[in-house]
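*Asks:* 3D, please:
(2 chains)
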Amino acid sequence: MKLTKNDNLSPELPNFFQELTASPKIEIPDVSRRQFFKISTIAGGGLALGLAMGTSPKAKAQAGAAETSSLSPYVQIQPNGRINIFSKNPECGQGIKTGLPLIIAEELDCAWNDVDVVQADIDGSRYGAQFAGGSLSTPMNWMAMRQAGATARAMILAAAAQQLNIPVSELTTSDTKVLHATSGREWGYGDFAELAATMPIPDAASLTLKTQDQFKLLGRRFTGVDNMDIVTGKPLFGADTRMEGLKYATYTKSPQIGGRALSFNEDHIKSMSGIVDAFIIDEFGSPKVFNPGGGDMFSGVAIVADSTWAAIKAKRELEIEWDLSDAEQASWDDLVNRAYALKDQDGEPLMTTTFGPDGPSTVAASKGDAEAVLQNAATVVSGFYEYPYVSHAQLEPETCTALYQNGNCEIWAPAQIPQSGETGSAVLLGIPAEEAADRVVLNQTRIGGGFGRKLANDYVFEVVAIARRMEGTPILLQWTREDDMSGDYFRPGGFHSYTAGLDAVGNLTAWQDHFITSTGNDQSPMTSADLNPNVFPKDVIDNVKLTQTMFHNAIPTGPMRAPASNAFAFSFQSFMHELAIASGKSHVNFLLDTLGEPRLANPENPQSMHTGRAANVISEVARISGLDQESGEPGRAKGLSFYFCHSGYVAQVADVTVSANKEVKVHKVWAVGDFGFIHNLSGAENQMEGGIIDGISQLFNSKITFVNGVIQQQNFHQYPLLRLPQAPELEVAFLEPEEFSPSGGGEPSMPPVLAAVTNAIYNATGERIRKMPLFELGYKLV
Amino acid sequence: MATLQINGQTMDIGEIDPSTPLLWVLRDELGLVGTKYGCGIAQCGACTVHMNGAPVRSCQIPVGNLTDQNITTIEGLAAADGSLTPVQEAWVEIDVPQCGYCQAGQIMSATALLENNQNPSDADIDAAMSGNICRCATYSRIRQAIKNAAAKMNGTAFYDAAQTGERA
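*Replies:* Numbers count the residues shown, from 1 in each chain, chains lettered A, B, ... in the order given. Now for the predicted structure:
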């Protein structure tokens, strides 16, 4: 098993992730660097913070850490011999607070029952990039976590050898114990902790990492480290932050996106019971564009009150005068009409950036001569596909707590990019970048669902702006569900006009896609509204023509679980099924023939799809689902889909029954994934199970519309989510080719099911679905 | 001065706007933050608590209507010594939570179901749990956890926690 490098970083990372991972401030630390550990030995006593809040998680960790011995920013040994392992990245339900510490514990060779997991401080100098996005946490940290565990183990062994006066070569470890085979004696790690913390840091090259057959923990099922606190209702989440003198705030923005608050019924609001203050904020940037670290926030009216209810009650009585001169004007129905009018036309050539020895350059994304090949094709198939804007609808509405005093700010946030929350807050507060690390401190809370929504830090900036105005008073900002649903960075809607050609034996020979999307600056698409030019099948066929039309529309958009892929999988893989039908081949054989021989689809790009791994998940899901067997029941059939994104390969089969009145029962979904080595099986299964149902929910019911810049959906009665009675049976399996290190499963688990269900509906009824959501076509999920 | 009966204790809530939903009294006045806000219109179930043993949406119940009602929240399920109920145990053992935000409400609905029906059919589970949204979509495990909890309560089967460490 090749476990030596992070070779699974995603090829389609949004720009902001590229910047994040490239930023010198938050580069991945080299664990062999002496400075890294020099800082870390201070860490047991805690970093000196500008603020001394008694309720701060940092202050608590410091108070409890007085007698501990720090071996690295990731490992402390408590006086009773228990091990603290620090989990660096935000936990939003993806299981990383369990997953990363497990990797450290494996190489540290300790028993999992001896471990207490602690959420790490936000500190790029010690932890590198700390964020939850792009399914990157596992692949980016796989080697660093293993080295952190192995380094601490080597230091314990060195200390034991010195303390016991036994050659280190005679000592081994197992289950948090140092063993001496010759004498049969054993000692707990705690016996050597104090001395170990003073040991020289071993070079990374001197560390011997375990081989896969030596793993005792990794590869098994482990339950979430916060489960006990979750089932007993302990304070874990953003809005659970409590401290002396806390006040509660709401913030109200223009229903027509981008309107600026001019005045409001201030006297009435301030006269209401429990109201502390109410004021307009209108000074911070242009937040229509997704920018997690910019410090931008929309203009609006803040209400600060003695309780959340008093703030919500006053919010309902707000009468605000808005300046709408810069507000959005777009309407979804207008964009739809304009898009369908372009159905049979091409757009502008789609350009793409390539990285050569002389740096990046912009080239056309098309290749070969699709038009000529289409003219000579035996069969030509066309299809126009539509998908809507959707909202993240994470169950925890945006919330954040902040205290501003003496020019410094402490924040408690359920944020997916907390480091950008810190830097953006410093921008908003006018704190110079070089002072930001000392003067802005963000504490991570557990995130009550992210799905990409909390990559944006707008709600962090809002509470920081309110807290600055309320200097010395800690403020908890609570968005209502209505604030959340109408104030999202939405998954953008879009349109694809496909035409493809098959040769006489049914092989795919040419592919054309005219992609229609939205732009706010008339230069480039909105965030997550761009077409990744390498979406399968581009890399595996020779003649591809990609064009694009952008409509001016700056309704805010941002990444949502599997950005772009969450919509492309529906249209691309439904159209691939249309082609399979036209080819006369089985769907499986059409996909396998298109993939061809096992190889990197683009030999120049190590991040591109490996066609052999793709073929394997397709073949395996067809086998376990019995895809080729007829149901024998009227209206019942199975459908297949495959998608590759975020370095993950997933094929899924849905078994559906469609009634005469278009009621759809999804009986079961089979999924086969290849994310390389799976280190926590329960976590990986959870991501796949959740991703499948997330996809089915969006496919049938999710649609956000806007009229003259006003979002029309406000709460779950207008934007229903799938509920337990509609959830299908699930069967999940993983292929784990030994030569590939882990990638992340949170995102690639979701996209394929969209087309698996629509292809199944086609197989059951003969009706081709080219538009999401299905409720608008008369279908109902039961 | 108003009082409430919560988790077997009489709790003083002082002078309070009687229109305040129980949800915000629990969270802001009493520090019982396990009960969650999700929608404020009884659509998502994150705020589910028990009133006299029946599941209710605490975002919809003005505190002024609550005299002489016994309220149980997620914090009141486990025994004084910290031992979990069968429902809580089952939730932990099969690793139901993903983000975990909805799970207090899910557990309160499941607990109420099993108090009245210790052999729930799939249809019974559907009916009892359809008011609780899980955005992470942990529904398969919620269904299984309810069945495992029922088995624990009936003594008909015991879930082998050691299985959680092994490959299927």
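*Asks:* Only C-alpha atoms from now on, for both contacts and neighbour counts.
*Replies:* Will do.
*Asks:* What about A:Asp175, how many residues nearby?
*Replies:* Counted with other CA atoms under 10 Å in any protein chain shown, the neighbours of A:Asp175 add up to 18.
*Asks:* close enough to count as contact, it and A:Cys110?
*Replies:* Yes - counting by CA atoms under 8 Å, A:Asp175 does reach A:Cys110; the two are 4.3 Å apart.
*Asks:* all strands of the stretch 251-400 of chain A, in order?
*Replies:* A:260-264, A:275-281, A:300-305, A:320-323, A:348-349, A:351-356, A:359-364, A:379-387, A:399-405 (DSSP state E, counting those that start in this stretch).
*Asks:* How about chain B?
*Replies:* B:2-6, B:9-14, B:48-51, B:54-57, B:70-72 (DSSP state E).
*Asks:* still on that earlier bit, now the strands of the stretch 251-400 of chain A in a markdown table, with mean neighbour count and distance to A:Pro563?
*Replies:* Shown next, in a markdown table, are these (neighbours: other CA atoms under 10 Å in any protein chain shown; distance: least, CA to CA, whole Å):
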| stretch | mean neighbour count | distance to A:Pro563 |
| --- | --- | --- |
| strand A:260-264 | 19 | 30 |
| strand A:275-281 | 21 | 31 |
| strand A:300-305 | 25 | 29 |
| strand A:320-323 | 17 | 33 |
| strand A:348-349 | 14 | 22 |
| strand A:351-356 | 12 | 18 |
| strand A:359-364 | 11 | 22 |
| strand A:379-387 | 19 | 13 |
| strand A:399-405 | 26 | 23 |
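*Asks:* can I get those strands in CSV with distance to chain B?
*Replies:* Converted to CSV, the strands of the stretch 251-400 of chain A look like this (distance: least, CA to the nearest CA, whole Å):
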stretch, distance to chain B
strand A:260-264, 24
strand A:275-281, 13
strand A:300-305, 11
strand A:320-323, 23
strand A:348-349, 38
strand A:351-356, 34
strand A:359-364, 38
strand A:379-387, 21
strand A:399-405, 11
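*Asks:* and A:Thr423, which of these is closest to it?
*Replies:* strand A:399-405 (14.5 Å; CA to CA).
*Asks:* Could you give the separation of the closest one from the chain centroid?
*Replies:* 25 Å (CA atoms, centre = their mean, to the nearest Å).
*Asks:* okay, now the domains of the chain?
*Replies:* Went with chain A since none was named. Structural domains annotated on chain A: A:15-231, A:238-327+A:392-486, A:612-782, as defined by automatic domain parsing.
*Asks:* wrong one, I was asking about chain B
*Replies:* B:2-76, B:86-156.
*Asks:* OK, contacts around the residue most central in space within chain B?
*Replies:* For chain B, B:Met108 is the residue whose C-alpha lies nearest the centre (CA atoms, centre = their mean; 1.8 Å). Listed by CA atoms under 8 Å, 6 or more residues apart in numbering or on different chains, the contact partners of B:Met108 are B:Thr48, B:Val49, B:His50, B:Pro55, B:Thr73, B:Ile74.
*Asks:* any idea of the mean pLDDT for the lengthiest helix in chain B?
*Replies:* The residue-count maximum for a helix in chain B (DSSP state H) belongs to helix B:139-154. Mean pLDDT, helix B:139-154: 96.
*Asks:* cool, stretch A:214-223 as well?
*Replies:* Stretch A:214-223 comes out at a mean pLDDT of 96.
*Asks:* Okay, buried residues for it please.
*Replies:* A:Lys216, A:Leu217, A:Leu218, A:Gly219, A:Arg220, A:Arg221, A:Phe222, A:Thr223 (16 or more other CA atoms under 10 Å in any protein chain shown).
*Asks:* Now the residues you listed in a markdown table, please, with extra columns for secondary structure.
*Replies:* Shown next, in a markdown table, are those (DSSP: H, G, I helix; E, B strand; the rest coil):
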| residue | secondary structure |
| --- | --- |
| A:Lys216 | coil |
| A:Leu217 | coil |
| A:Leu218 | coil |
| A:Gly219 | coil |
| A:Arg220 | coil |
| A:Arg221 | coil |
| A:Phe222 | coil |
| A:Thr223 | coil |
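*Asks:* got the residue ranges for the helices in the stretch 101-250 of chain A?
*Replies:* Per DSSP state H, counting those that start in this stretch, the stretch 101-250 of chain A carries helices over the ranges A:124-127, A:137-164, A:193-196, A:227-231.
*Asks:* Deepest-packed of the domains of chain B, please.
*Replies:* Of all these, domain B:86-156 carries the top mean neighbour count, a mean of 22, counting by mean count of other CA atoms under 10 Å in any protein chain shown.
*Asks:* quick check, distance from that domain to the centre of its chain.
*Replies:* 9 Å.
*Asks:* Could you do stretch A:325-334 as well?
*Replies:* Per CA atoms, centre = their mean, the centroid offset for stretch A:325-334 relative to its chain is 29 Å.
*Asks:* quick revisit: A:Ala378: which of the domains of chain B is closest?
*Replies:* That would be domain B:86-156 among the domains of chain B, by CA to CA, at 44.4 Å.
*Asks:* hmm, back to that, among the helices of the stretch 101-250 of chain A, which is nearest chain B?
*Replies:* helix A:227-231 (5.6 Å; CA to the nearest CA).
*Asks:* and the closest one, what does it pack onto?
*Replies:* Packing partners of helix A:227-231 (3 or more CA pairs under 8 Å, 6 or more residues apart in numbering or on different chains; DSSP states H and E): helix B:86-93, helix B:103-116.
*Asks:* what's the distance between the spatially closest residue to A:Gln163 that is not a sequence neighbour and B:Ala150?
*Replies:* Among residues not flanking A:Gln163 along the chain, A:Phe192 sits closest, at 7.5 Å (CA to CA, 6 or more residues apart in numbering or on different chains). Note on A:Phe192: its distance to B:Ala150, by CA to CA, to the nearest Å, is 47 Å.
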